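Participant: Show me how the following folds:
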Amino acid sequence: MAKGDKDKYTDKQKRKAEHIEESYEDRGISQEEAERRAWATINKESGGGNKSGSGRGGQQSSRETGRKASDAQLQAARPR
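Facilitator: Coordinates of the predicted model:
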């Protein structure tokens, strides 16, 4: 396993990392590199570690909303 303790991650995050790792290995990436990339992907998507709880679901990334952050700024700047 890569450096670092993975105890702070949820079971869902661990399963997702495993699937991502397997996908990379199927493409011919080494096991070590595949694992590193998988956890980097999990960290990028979730901010890393277990972050569940009340008040944690308010923000969505631009990837989830399908919009760029600048789209909202452009709408606000347009004259009416």
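Participant: In this protein, what helix or strand scores lowest on average pLDDT?
Facilitator: The weakest-scoring helix or strand in the chain, judged by mean pLDDT, DSSP states H and E, is helix 62-65 (a mean of 62).
Participant: Mind checking what helix or strand follows that one in sequence?
Facilitator: Downstream of helix 62-65, the next assigned helix or strand under DSSP states H and E is helix 69-77.
Participant: Can you give me the separation between the residue nearest to Y24 when sequence neighbours are not counted and A17?
Facilitator: Spatial nearest neighbour of Y24, excluding adjacent residues (CB to CB, 6 or more residues apart in numbering): A34 at 3.6 Å. Yep, even glycine has a C-beta here, placed from its N, CA and C like the rest. A34 is 10 Å from A17, where distance means CB to CB, to the nearest Å.
Participant: What are the buried residues along the helix or strand that contains the residue nearest to Y24?
Facilitator: Per DSSP H and E, A34 falls inside helix 31-46. Neighbour-count burial for helix 31-46 flags A34, E35, R36, R37, A38, W39, I42, S46 (criterion: 16 or more other CB atoms under 10 Å).
Participant: Now that we have these, can you turn them into a markdown table and tack on pLDDT?
Facilitator: What follows is the buried residues of helix 31-46, written out as a markdown table (pLDDT from 0 to 100):
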| residue | pLDDT |
| --- | --- |
| A34 | 97 |
| E35 | 96 |
| R36 | 96 |
| R37 | 96 |
| A38 | 96 |
| W39 | 94 |
| I42 | 92 |
| S46 | 84 |
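Participant: What is the nearest of the residues you listed to S70?
Facilitator: Nearest to S70 among the buried residues of helix 31-46, counting by CB to CB, is S46 at 23.5 Å.
Participant: Hmm, that closest one is touching K14, no?
Facilitator: No: counting by CB atoms under 8 Å, S46 stays clear of K14, with 11.6 Å between them.
Participant: which residues does the residue most central in space within the chain contact?
Facilitator: Centroid-nearest residue in the chain: E45, 1.4 Å away (criterion: CA atoms, centre = their mean). For E45, no contacting residues are found, by CB atoms under 8 Å, 6 or more residues apart in numbering.
Participant: What distance do you get for it to E33?
Facilitator: With CB to CB as the criterion, E45 and E33 are 19 Å apart.
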